[in-house]
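Undergrad: Requesting a structural model of the entry that follows:
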Amino acid sequence: MPSEAVYPRWISRIGAPLIAFVLTVAPSVSTVHAVEDARKVSVVSFGLFGDQGVFRSEATGAAQVVAGRFGNGPIDVQYNSKKGGGATIEALAMSLQVASNGMDAENDVLFLILTSHGSRAGLAVKAGRLTQTLTPSNLAEMLARTGMRYKVVVISACYSGVFIPRLANPDTLVITAADADHPSFGCRDKAKWTYFGDAFFNAALRRASNLKEAFFLARSLVSKRELREGFDPSNPQMAGGEKVEPLLVARPLGARGAVPK
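TA: As a prediction, the model looks like this:
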């Protein structure tokens, strides 16, 4: 049986490696648990203008990217086509309400994506012969009726900055493809993304660890592309969200559920 004097030497031989192991592994374990235990993020994504397929493609792709980086709740994607479709103003109101019914109104996050043509009056809704305009007031009322405290709204459309005054506040982050006075670009029928959608969802959001970082990267990418192609700047905007943006912790790239590049 070893003497008592042996134990201190034995402890000293394994003590340093054990401590180093704990210090190395513990933070990574806590980070994994923090991501797994993150609040629910429910995604609603609508391609509102049916006459061009880019809006269907962008609404679908954007929802997948957002869900892959942030989401752990339900995903609702709807879009219109030249023949018709269900992505109407009424359907959007219903989808937002349904999404909120399964969420904790004070802690979870409702993530809304809208892609369409836009004007200073709002967003164009086109489903077959049906035409509507989703105004900033319409959308503000819909979101208020959900009762959700924390919201993110990303709008990919010309003049989409018109929505910021009615929507943005500390609990609601609003990101738009353009300011209130300029068009955005890339709304070609066979395209997969608009310029802003490609820069924000398809490029920046796949790399960035948070929405603010993704926005500034996307804005830089859009600016360079517009300059290269001779377009006037669209001036993508980000406003509000001081309280909601820090709540959205992106899954590490390569983590289960993250969208591959």
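Undergrad: now stretch 201-214: mean pLDDT?
TA: For stretch 201-214, mean pLDDT rounds to 96.
Undergrad: and if you look at stretch 143-160?
TA: For stretch 143-160, mean pLDDT is 98.
Undergrad: ok now stretch 130-141, how far from the chain's centre?
TA: In terms of C-alpha atoms, centre = their mean, to the nearest Å, the gap separating the centre of stretch 130-141 from the centre of its chain is 20 Å.
Undergrad: same check, this time on stretch 229-236
TA: 22 Å.
Undergrad: ok, now which ones touch T146?
TA: Residues counted as contacts of T146 (C-beta atoms under 8 Å, 6 or more residues apart in numbering) are L96, Q97, A99, S100, A105, L110. To be clear about C-beta, it is placed using only N, CA and C from the backbone, and glycine gets the same treatment.
Undergrad: Quick check: beta-bridge partners of the last one?
TA: When bridges are assigned using DSSP bridges, the partners listed for L110 are S42, K151.
Undergrad: And the strand or helix carrying S45, what does it pack against?
TA: Per DSSP states H and E: S45 is located in strand 41-47. Counting contacts by 3 or more C-beta pairs under 8 Å, 6 or more residues apart in numbering; DSSP states H and E, strand 41-47 packs against helix 53-69, strand 75-81, helix 89-101, strand 109-115.
Undergrad: could those be laid out in TSV, adding mean pLDDT and mean neighbour count?
TA: Shown next, in TSV, are those (pLDDT from 0 to 100; neighbours: other C-beta atoms under 10 Å):
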stretch	mean pLDDT	mean neighbour count
helix 53-69	96	22
strand 75-81	97	20
helix 89-101	97	17
strand 109-115	98	28
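Undergrad: Just put these in JSON lines and tack on distance to L143.
TA: Formatted as JSON lines, the helices and strands packed on strand 41-47 follow (distance: least, C-beta to C-beta, whole Å):
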{"stretch": "helix 53-69", "distance to L143": "17"}
{"stretch": "strand 75-81", "distance to L143": "15"}
{"stretch": "helix 89-101", "distance to L143": "7"}
{"stretch": "strand 109-115", "distance to L143": "8"}
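Undergrad: For stretch 174-191, list every residue counted as buried.
TA: By neighbour count on 16 or more other C-beta atoms under 10 Å, the buried set for stretch 174-191 is 174-180, 182-187, 191.
Undergrad: closest to S209 among these?
TA: Comparing the buried residues of stretch 174-191 against S209 with C-beta to C-beta places I175 closest, at 16.0 Å.
Undergrad: Need the three-state assignment for the closest one.
TA: strand (DSSP: H, G, I helix; E, B strand; the rest coil).
Undergrad: what about it, distance to F46?
TA: 15 Å (C-beta to C-beta, to the nearest Å).
Undergrad: Make JSON lines from the contacts of T146 and add distance to S223 to it.
TA: Shown next, in JSON lines, are these (distance: C-beta to C-beta, whole Å):
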{"residue": "L96", "distance to S223": "32"}
{"residue": "Q97", "distance to S223": "37"}
{"residue": "A99", "distance to S223": "33"}
{"residue": "S100", "distance to S223": "35"}
{"residue": "A105", "distance to S223": "37"}
{"residue": "L110", "distance to S223": "29"}
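Undergrad: Find the nearest non-adjacent residue to I164, please.
TA: A239 (4.8 Å; C-beta to C-beta, 6 or more residues apart in numbering).
Undergrad: Can you name the residues bridging to the one you found?
TA: Beta-bridge partners of A239, as defined by DSSP bridges: V174.
Undergrad: residue nearest the centroid of this structure?
TA: V66 (4.8 Å; C-alpha atoms, centre = their mean).
Undergrad: gap between the residue lying closest to it once chain neighbours are set aside and F185?
TA: Spatial nearest neighbour of V66, chain neighbours left out: V43 (5.3 Å); criterion: C-beta to C-beta, 6+ apart. For V43, the distance to F185 (C-beta to C-beta) stands at 25 Å.
Undergrad: Now render the buried residues of stretch 174-191 as a markdown table, adding secondary structure, pLDDT and distance to F55.
TA: Shown next, in a markdown table, are these (DSSP: H, G, I helix; E, B strand; the rest coil; pLDDT from 0 to 100; distance: C-beta to C-beta, whole Å):
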| residue | secondary structure | pLDDT | distance to F55 |
| --- | --- | --- | --- |
| V174 | strand | 98 | 19 |
| I175 | strand | 98 | 17 |
| T176 | strand | 98 | 16 |
| A177 | coil | 98 | 12 |
| A178 | coil | 98 | 15 |
| D179 | coil | 98 | 20 |
| A180 | coil | 98 | 21 |
| H182 | coil | 98 | 19 |
| P183 | coil | 97 | 15 |
| S184 | coil | 97 | 12 |
| F185 | coil | 96 | 14 |
| G186 | coil | 93 | 11 |
| C187 | coil | 88 | 8 |
| A191 | coil | 91 | 10 |
